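**Student:** Here you go, sequence then predicted model.
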Amino acid sequence: LSRRMIRNDLPTNIAVQHTEVANKLSRRLIQLRAARTLWHKDMNQFMDHILRVNDDGLSYDVFPWIIGRVRKGEKSSQPVSMGACQEFMPVVLRFLHSDRDEHLHIALVMVQSLLERFWDQLLQMSRNHLTSCQSGNLESLYMILVTTVERVRQLCSWKSAEVAKEAASAYTLLEKL
């Protein structure tokens, strides 16, 4: 009797699950559209939106946008400030401690991009041992990046070659700080 009930409920269960997935994807699309609008208008509002929504799927979707602007630096029409990067670091850290390869990879690309973009300032902060009067954002970004060293080192031997390679590149830079 119970097998028959399970079989009879299978189409209902599938329909409910499909509706839940469709609703979740619809909400994500709405949030992504809002993020895209803010992306073109104001970087601070964009970051506030991403952090307020606090959805890993949305964060994953916008990571490449942020990385692209970080890499372009001042050449971008709307460069990402060091403060905005610092505000986004909790998301980066959360992704760095994920067990999903795609999250690890994108977080490592972000770490490496930040290191390359702000290298001179971070290196100066490292050499001055935080004694000079530096920007609060620089000090905060530096401290957060330094705390990632052990995790990035662990990821150098990750099962995914892509993650391990990205981790090795980031670790090489982090070791120099």
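**Tutor:** Nice, thanks for sending it over.

**Student:** Pull out the buried residues from the lowest-mean-pLDDT helix or strand in the chain.
**Tutor:** The weakest-scoring helix or strand in the chain, judged by mean pLDDT, DSSP states H and E, is helix 2-41 (a mean of 80). Residues 31, 32, 34, 35, 38, 39 are the ones in helix 2-41 that count as buried (16 or more other CB atoms under 10 Å). Heads up, the C-betas are built off the backbone N, CA and C, glycines and all.

**Student:** ok, and the residue nearest to the third one when sequence neighbours are not counted, which helix or strand is that part of?
**Tutor:** Okay, so that is residue 34. Using CB to CB, 6 or more residues apart in numbering and skipping residues adjacent in sequence, the residue nearest residue 34 is residue 49, 6.3 Å away. Residue 49 belongs to helix 43-53 when assigned by DSSP states H and E.

**Student:** For the helix or strand just after that helix, which helices and strands make contact with it?
**Tutor:** Downstream of helix 43-53, the first helix or strand assigned by DSSP H and E is helix 56-72. Judged by 3 or more CB pairs under 8 Å, 6 or more residues apart in numbering; DSSP states H and E, the packing partners of helix 56-72 are helix 2-41, helix 43-53, helix 82-96, helix 101-117.

**Student:** can I get the buried residues of helix 2-41 in a markdown table with distance to residue 125?
**Tutor:** Below are those laid out as a markdown table (distance: CB to CB, whole Å):
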| residue | distance to residue 125 |
| --- | --- |
| 31 | 35 |
| 32 | 35 |
| 34 | 35 |
| 35 | 31 |
| 38 | 30 |
| 39 | 29 |
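
**Student:** Pull stretch 74-88 out as CSV, backbone CA atoms only.
**Tutor:** Extracted in CSV, the C-alpha atoms of stretch 74-88 (Å, rounded to 0.1, in the frame of the first residue of the first chain):
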residue,chain,number,x,y,z
GLU,A,74,41.4,53.2,-13.0
LYS,A,75,40.9,52.4,-16.8
SER,A,76,37.3,51.4,-16.0
SER,A,77,34.6,54.0,-16.5
GLN,A,78,33.5,53.1,-12.9
PRO,A,79,36.4,51.7,-11.1
VAL,A,80,35.8,49.5,-8.0
SER,A,81,37.2,51.3,-5.0
MET,A,82,39.3,49.7,-2.4
GLY,A,83,36.5,50.3,0.0
ALA,A,84,34.0,48.4,-2.1
CYS,A,85,36.5,45.6,-2.5
GLN,A,86,36.9,45.5,1.3
GLU,A,87,33.2,45.4,1.8
PHE,A,88,32.9,42.4,-0.6
